[in-house]
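>>> Fold the following.
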Amino acid sequence: QVQLVESGGGLVQAGYSLRLSCAASARTFSSYTMGWFRQAPRKEREFVAAISWRGGNIWYADSVKGRFTVSRDNAKNMVYLQMNSLKPEDTAVYYCAASSKYAYASARHDLYDYWGQGTQVTVSS
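Down below sits the predicted model:
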């Protein structure tokens, strides 16, 4: 069982930055592919970014490419999402997820076994 706890969300103005963190409880955290997803009101959950277990494979949604950066620190059981140049359309609840099923970064939410509770990000115009 893996527990994931997100933090770092908040309210910011457009153009500003936020850094989300996700703390994982797994003893074998380094063996999990980690992903970030988000869900805006009245919309389906969508992929944001993912990083493979050693960080060598990274994938971003087109909507965040060039603005967001995903990283991980296996020694601390942490994964991060640096979000720059935020836009109002980035407003959503952001979820951290862990996958033991797939070794590479993936946008498929069905490949992720564990999910955090989410952290709210609100970007005002």
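>>> Now for residue 9: which residues touch it?
18, 20, 94, 119, 120, 121 (Cβ atoms under 8 Å, 6 or more residues apart in numbering). (Each C-beta comes from the backbone N, C-alpha and C, glycine too.)
>>> which ones are touching the nearest residue to it once chain neighbours are set aside?
Closest residue to residue 9 apart from its sequence neighbours, by Cβ to Cβ, 6 or more residues apart in numbering: residue 119 at 3.4 Å. By Cβ under 8 Å, 6+ apart, the residues touching residue 119 are 6, 7, 8, 9, 20, 93, 94.
>>> any idea how far residue 18 is from the residue nearest to the spatial centre of the chain?
Compute the mean C-alpha point of the chain, and by Cα atoms, centre = their mean the closest residue is residue 36, 2.3 Å away. Separation of residue 36 from residue 18 (Cβ to Cβ, to the nearest Å): 12 Å.
>>> Then residue 88?
Taking Cβ to Cβ as the measure, residue 88 falls 14 Å from residue 18.
>>> So between these two, which is more surrounded?
residue 18 (21 against 11; other Cβ atoms under 10 Å).
>>> Mind jotting down where the strands sit in this protein?
4-7, 10-13, 18-24, 33-39, 46-51, 58-60, 68-73, 78-83, 92-99, 114-115, 119-124 (DSSP state E).
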